[in-house]
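Enquirer: sharing a model prediction with you, sequence too.
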There are 2 protein chains.
Amino acid sequence: MDPILIALVSGLLGLVTAGFMAVYVLKQDEGSKKIREISEAIKEGAEAFLGREYRILAIFVVVVTIILGLVPALGWLVAFAFVFGAISSGLAGYVGMQIAIRANRRTAAAAEKSLNHGLRVSFRGGAVMGMCVVSIGIIGLSVLYFLFNARPDFLFIIPGYGFGASSVAIFARVGGGIYTKAADTGADIVGKVEKGIPEDDPRNAAVIADFVGDNVGDVAGMGADLFESYVDSIIATMALATIAVMSPHLSRGLVPDLATAWWIPMIVAAGGIIASIAGIFMVRVGVKTEMKGLLNALRRGTFAAAILVAIFSFLGILWLKADIGIFWAILAGLVGGVLIGESTNFYTSYVYKPTLKVAESSQTGGATLIISGFANGLMSVMPPVILVVVAILVAYKFADIYGVAIAGIGMLSTLGIQDATDAYGPVADNAGGIVQMAGLPEVIRERTDALDSLGNTTAATGKGFAIGAAGLTSLALLLSYTQAVGINVADVSLLDPLVIAGIFLGAMLPAIFCAMALNAVGKTSFSIVNEVRRQFKEIAGLTEGKEGVKPEYGRCVAICTTASLKQMLLPGLMTIISPVIVGLVLGPVALAGFLIGAIASGLILAIAFANAGGSWDNAKKWVETGAFGGKGSDSHKAAVIGDTVGDPMKDTAGPALNIMIKLMSIIALVLAPVLAGTAGLL
Amino acid sequence: MDPILIALVSGLLGLVTAGFMAVYVLKQDEGSKKIREISEAIKEGAEAFLGREYRILAIFVVVVTIILGLVPALGWLVAFAFVFGAISSGLAGYVGMQIAIRANRRTAAAAEKSLNHGLRVSFRGGAVMGMCVVSIGIIGLSVLYFLFNARPDFLFIIPGYGFGASSVAIFARVGGGIYTKAADTGADIVGKVEKGIPEDDPRNAAVIADFVGDNVGDVAGMGADLFESYVDSIIATMALATIAVMSPHLSRGLVPDLATAWWIPMIVAAGGIIASIAGIFMVRVGVKTEMKGLLNALRRGTFAAAILVAIFSFLGILWLKADIGIFWAILAGLVGGVLIGESTNFYTSYVYKPTLKVAESSQTGGATLIISGFANGLMSVMPPVILVVVAILVAYKFADIYGVAIAGIGMLSTLGIQDATDAYGPVADNAGGIVQMAGLPEVIRERTDALDSLGNTTAATGKGFAIGAAGLTSLALLLSYTQAVGINVADVSLLDPLVIAGIFLGAMLPAIFCAMALNAVGKTSFSIVNEVRRQFKEIAGLTEGKEGVKPEYGRCVAICTTASLKQMLLPGLMTIISPVIVGLVLGPVALAGFLIGAIASGLILAIAFANAGGSWDNAKKWVETGAFGGKGSDSHKAAVIGDTVGDPMKDTAGPALNIMIKLMSIIALVLAPVLAGTAGLL
């Protein structure tokens, strides 16, 4: 049987599973009229945003498609792959969000029954998203394979798909990220800090915008993000295989032929989907299981999936008669990923010392809390970087540079279930908001809070995986680029000033990207704060919560939508244009330096931002459990400042860096035929 | 005449100037008995700290000396150079601080007369430090040259001097930085934020510790820092010259012989000293000049010095019959440095939009202020990095890799006057504190505040120079290292996984270093806060300011001394040991990757930290001028949080990164004979 058929079948199985989960979710009780009303408002806002976002992206995609098609060295097949990748990514995000929106209200209703009911509905809602991402990805790649694998320019067609997926992802992640965090921080600053009213209080004009943000940012944006991580890791390996087989690198005889080198990543990914499905069905909790059992259930599912993937990969390597060294490379990535997840957990969960220390420093105010949280984020860079380095060295030792690429797939192979545990968080978060707004009893809000808090932990772990894998993937893309553009080993010497110039410029870019993203959130939330303040001042009876008096939610939704769509453009376009300019002006060798600089600095900033943010978030939660004076104390106020600072770092700037480094690397690869043989303007 | 004699003479001239300034300062009125009492307490604390610090450093120096002496590939001459460098650095810091301590009280007394008197005394106090740093540096290097230039291992002896200077600098910068910022933030948190009493109020138990910190951190620590920047840039060029003449790199015929390649950096540095002396004497203000004229006077001095250096360098190059391309490289560095200074000013001064935006965001609270200040810091990375890259490319085009090294000297050539404008800030700051504590009239405090505020601007500019030059210097050291260890151009390919592993690990290290430094400040200031709180609670009548009731200042001084000395060790030792471990375990090629990773990431973090901190500091000052509610408003509270967060970033972690990247590069160069021919354990 053609191994790619197995991949295709696994993708279809994944879609069936997603369908099964979706049907389960949709069958659930939709809750009271009030719940449905709120939920409808969220749905409208989210769809309006996504509609406008996709229209802007459509223009971008059309323009890039035409450019790609018209450049002689690239052509219409690359352009086709680009469109196909962009549409696949948009689809994954769209479907995931549609289900999440429907799961929100049902989770709220289910939480009225019990914590356990709430978990089931929200987790299955998240699972739809997880399975859609991996299934659409593997199906899309299988289709591309069948259509074009016999063509000599296959090497440049597949990165086109990744280019499309990554382009959509960077705009969706940044745009959605600005939206969600601006609304969230804006609502919190006026509501929690100034007015002292609870989170998600219906008097707060930004509260619906906040909910909409959860869906367009934390669900749709994250979906596009994970989709590109997944397909890029496979594409990077296939591209490297194409090149490596023609170079002496694979002379060790790792694979019998080029086709096998293409099949392996697809087979490992297929195994990952099957393993994820099995893992998802293992996340079962008894009717009486409470929080602790819940986390254990999730961990059981993900660990089981990891073990299954290892077994499948081993069998796959044997079946394809490839060198067993490739298996060790996969395992290096897999184990590295699991350990990165654990280290993330260590630095961000309040069960461990680092975050407890951050929480402790809230006693001396916001400033010391910020310093210690930021220091914690910077320190947390150590384990992931060392683990990535070890994975690189082990993978290289056993399977050369092909091994480095395939280690990235190993790290991401269980993405299906990882993403499910990740995407259920915002569903639970939204459900909690709906519960609060609908004025349901406190005990139900406590249940959704418990689910949300668990989601924070799994989300942090998921981010760790994604960042580590991004390092490996973009490295593989960089290696493919250098081969494709015809750079010899000796050409990219660290002693070449052009390479050094590239490294410095590359290292600078993630910092500027983060600055833009943080500024965009700051600017938008500033507008939201002023709007919410205005409404409290001008709408009579609103502060007192007079019967029948409601804020104009739509104004905040409109502000967020317009501002975030406007402000996603600059960082996104900068990411896309920079490698083109560096390649054309400083030349292909400087571009290689540029990419490695961006990868190294992007990795550091992404981890530091994600973990500092996670740690402030959980430090606040720890104070809210009653530590250091608990809710309402000065310590709590300090902790809220930390959480607010961390929000755009961990949910807007940080995760977008993952996409950024891969997108720039994939653009370099796509451009390789254009750059080959040029030396830059200088 | 032997060109090195010119260097020696310029150094002696510098010392004469320093002596002249010192005599002027010491002749001034020492002020009232109360002023002298306070000043004596500061002197005692500072000397006690420096005494203990130097004792610890002595142990470290002895141990390293013995190791260097016993390693056969290095030997006792390298060890001697190391001790000599360490002592020179300690001397520069010590003399500078002794004068600064004496200038503090005299500035306080002079400010009683007029703003202008205050400026004269504080600027001349700072000038002693500036001239001492450059003079001791050039004299030390001249002595080494005369003693050893004929020896074949001269190449490894001179870096020994830099190794000694940088080792002392990293401990002095980190130790002093922890001290000053822990005392400062600790005093502010309880005094300004909790108790609402003014800065430097005598009731605050941490106030003397805060003053001591200004002297041991901002004066002695900075002196050691600038000393190593200065000598390392010269050493890097001399080392590279030694190697480059033996390789085809200098086959362009840039210099007639090796000796000329050694002389050029010394002659440029000597020209810089003469230019700085001239510039310092140009900083004259009329009796009636006020603040604006003051800043212009300083700028006139530094610009004049820069133009003079350019002229001197041009003449020097002609005289030594070297290629004129070397002059263009020097100019590239010089112009790049001036522009970096301007860009720093743009991002951190409240005269310009970026910092005004940060100040504006104080209206929505501490969180948005932190986000926007941090974003501003990240954004400010762009001009310096681009300027450094342009300087590298221009210098390389005109004078090959030798040009890259000499561009670093061009950038630092006016350090004498730069340092004078830098070191006068803490003198004025301390004087202001003494004025406050002595209960002198408000108008005098306003004068010292004005001086202090001007000092902030010049300090920020100085940091920009130092960071940019650190990039060029460490790059030159890295290039020297690779040549010394016998790595060929093709050996350090970006496509080698060991190089990539090195880059990732290197990029990680500055982040961890910053985390350690920030944590140390956080931890120590936590102790200070608790101690100051305790004293307010336990000492009857202290809060009310009852006549005769004084806090126990000594307790806070003791806490800061012990804690900062203890906590400087780990980051310092990590910096020294890491390149050794990477070199021995991963091999010399990975070490090259490690260094470039550390340089790139260190550059980014250092600039971002310095400018974010500077911008928060000035945003607070802007609010204090009355903007957004002025002093005491909620905006001001938010701005104080930003200032407190920025303090350890800009004065502890950020500047130490400069030293860190050079120290690691110089260690690699010193170790080159040991590593040559090895391949690492892996």
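Expert: Happy to help now that I have it. Numbering: from 1, shown residues only, chains lettered A, B, ... in the order given.
Enquirer: show me which residues of the stretch 251-400 of chain A sit near chain B.
Expert: For the stretch 251-400 of chain A, the residues in contact with chain B (C-beta under 8 Å from any C-beta of the partner chain) are A:361, A:364-368, A:370-372, A:374-379, A:381-382, A:385-386, A:388-389, A:392-393, A:396. C-betas here are computed from N, CA, C, even on glycine.
Enquirer: if we go to 10 Å?
Expert: With the criterion set to C-beta under 10 Å from any C-beta of the partner chain, the stretch 251-400 of chain A comes near chain B through A:357-358, A:360-361, A:363-382, A:384-386, A:388-390, A:392-393, A:395-397, A:400.
Enquirer: do the same with the stretch 51-200 of chain A
Expert: Among all residues of the stretch 51-200 of chain A, those adjacent to chain B (criterion: C-beta under 10 Å from any C-beta) are A:181, A:185-186, A:188-190, A:193-194.
Enquirer: by pLDDT, rank those and give me the bottom one.
Expert: The member of these with the lowest pLDDT is residue A:193, at 76.
Enquirer: which of the three states applies to residue A:542?
Expert: Remark: residue A:542 carries the secondary structure label coil [criterion: DSSP: H, G, I helix; E, B strand; the rest coil].
Enquirer: report how many residues lie close to it.
Expert: As a burial measure, residue A:542 scores 19 neighbours (other C-beta atoms under 10 Å in any protein chain shown).
Enquirer: also residue A:632?
Expert: Residues lying near residue A:632 (other C-beta under 10 Å) number 10.
Enquirer: same question, the one 5 residues further on
Expert: Neighbour count for residue A:637, taken as other C-beta under 10 Å: 19.
Enquirer: any weak-confidence spans in the stretch 251-400 of chain A?
Expert: Filtered on pLDDT under 70, the stretch 251-400 of chain A yields the residue ranges A:251-252, A:285-292.
Enquirer: nope, chain A is what I was after
Expert: In the predicted model of chain A, residues A:1, A:245-252, A:285-292, A:489-490, A:680-682 satisfy pLDDT under 70.
Enquirer: for residue A:26, helix, strand, or coil?
Expert: Strictly by three-state DSSP, residue A:26 counts as helix.
Enquirer: what sits against it?
Expert: Residue A:26 is in contact with A:99, A:102-103, A:106, A:125, A:128, counting by C-beta atoms under 10 Å, 6 or more residues apart in numbering or on different chains.
Enquirer: any idea how far chain B is from it?
Expert: Plainly put, residue A:26 is 39 Å away from chain B if you go by C-beta to the nearest C-beta, to the nearest Å.
Enquirer: ok so, going back, which of the residues of the stretch 51-200 of chain A next to chain B are buried?
Expert: A:181, A:185-186, A:188-190, A:193-194 (16 or more other C-beta atoms under 10 Å in any protein chain shown).
Enquirer: now for those: which two are most distant?
Expert: Distances among these were taken as C-beta to C-beta; the most separated pair is A:181 and A:194, at 18.3 Å.
Enquirer: so after the helix or strand in which residue A:85 is found, what's the next helix or strand?
Expert: If you go by DSSP states H and E, residue A:85 is part of helix A:76-113. Downstream of helix A:76-113, the next assigned helix or strand under DSSP H and E is helix A:115-148.
Enquirer: tell me the buried residues in that next one?
Expert: Buried positions in helix A:115-148, judged by neighbour count with 16+ other C-beta under 10 Å: A:115-145, A:148.
Enquirer: want to throw the residues of the stretch 51-200 of chain A next to chain B into CSV with secondary structure?
Expert: Written out in CSV, the entries for those read as follows (three-state DSSP):
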residue, secondary structure
A:181, helix
A:185, helix
A:186, helix
A:188, helix
A:189, helix
A:190, helix
A:193, helix
A:194, helix
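Enquirer: before we move on, the earlier item: okay, and which of the residues of the stretch 251-400 of chain A next to chain B map to helices?
Expert: Judged by DSSP state H, the subset of those located in helices is A:357-358, A:360, A:366-379, A:382, A:384-386, A:388-390, A:392-393, A:395-397, A:400.
Enquirer: could you flag which of the residues you listed are buried?
Expert: Buried residues within those, counting neighbours by 16+ other C-beta under 10 Å: A:357-358, A:360, A:366-379, A:382, A:384-386, A:388-389, A:392-393, A:395-396, A:400.
Enquirer: wait, residue A:511 sits on residue A:602?
Expert: Yes - here residue A:511 lies in contact with residue A:602, judged by C-beta atoms under 10 Å, at a distance of 9.3 Å.
Enquirer: need the residues touching each of the two.
Expert: With contacts defined as C-beta under 10 Å, 6+ apart, the residues adjacent to both residue A:511 and residue A:602 are residue A:657.
Enquirer: more crowded one of the two?
Expert: Set side by side, residue A:511 and residue A:602 show more neighbours around residue A:602, with 32 against 26, by other C-beta under 10 Å.
Enquirer: surely the more buried one is within a helix?
Expert: Yes - counting by three-state DSSP, residue A:602 is located in a helix.
Enquirer: thinking it is in contact with residue A:610, fair?
Expert: No - Residue A:602 is beyond contact range of residue A:610, at 11.9 Å (criterion: C-beta under 10 Å).
Enquirer: intersection of neighbour lists for the two?
Expert: Common contacts of residue A:602 and residue A:610 (C-beta under 10 Å, 6+ apart): A:467, A:654, A:657-658.
Enquirer: cross-check those residues against chain B and keep the overlap.
Expert: The subset of the shared contacts of residue A:602 and residue A:610 within reach of chain B, counting by C-beta under 10 Å from any C-beta, is empty.
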